[in-house]
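[1] kindly generate the corresponding structure for this input.
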Amino acid sequence: MNSTKFSRFLIIIFISFVTFNCGSSDDGGNGSDVTISNKAKIIGVWYETDKCQEQNIYTFNTDLNYELLDSGNIDCNTNEFTTYKFTGIYNIINSELFFNQETDEIITQGTTLTTQDFEANSSTKYTIETLNDTNLIIKTTITSDSGIRTYSNSFER
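    Below you'll find the predicted structure:
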């Protein structure tokens with residue numbers, strides 16, 4: 001190969017290398033530092049405010065596994081609502097929180113049915129509204145056959 005062909009070959013290799021390595025990132029090319037920051041801030045145990053802390057705990061681990069205890073009970077001594085335990089893998093992309101649920105079980109059976117008992121054919125979106133060292137607010141939007149419902153849950157460490 002003569003020097004001209006070799007130089008062209010190197011230029012083509014260089015341009016190909018730059019083109020393939022400067023593409024957009026997996027998260028759409030924006031907010032990756034926010035995602036990393038949110039993943040670091042969310043790690044730990046969060047207790048839902050104004051509810052029974054023993055039955056309303058969200059735990060986010062560094063390996064992206066989660067465990068949620070969720071009941072809605074305000075008083076820990078009366079099991080008005082069923083306490084559920086969910087586990088799986090979570091992810092955060094910008095301000096959206098994704099749960100890939102692997103298991104669910106009933107920890108304590110309640111006496112009153114909740115909306116969780118009627119959510120067939122629904123989709124749920126979780127958005128992080130606030131996340132700092134001590135406070136977490138998650139906005140939940142449920143779209144189902146009966147319409148769209150939105151509510152926010154507040155947590156603290």
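[2] can you give me the strands in this structure?
    Taking DSSP state E, the strands of the chain run over residues 44-48, 57-60, 65-70, 83-93, 96-108, 123-131, 135-144, 147-156.
[3] so what are the sheet partners of the longest one and their directions?
    Think strand 96-108. Taking DSSP bridges as the criterion, strand 96-108 sits next to strand 83-93 (antiparallel), strand 123-131 (antiparallel) in its sheet.
[4] gap between the first one and the chain center?
    Pointing back at strand 83-93 there. Strand 83-93 sits 7 Å away from the centroid of its parent chain (Cα atoms, centre = their mean, to the nearest Å).
[5] now residue 139: how far from residue 122?
    Plainly put, residue 139 is 16 Å away from residue 122 if you go by Cβ to Cβ, to the nearest Å. Yep, even glycine has a C-beta here, placed from its N, CA and C like the rest.
[6] cool, residue 153 as well?
    According to Cβ to Cβ, residue 153 stands 17 Å off from residue 122.
[7] how about residue 134?
    Separation of residue 134 from residue 122 (Cβ to Cβ): 31 Å.
[8] low-confidence ranges, this structure, go.
    1-36, 113-121 (pLDDT under 70).
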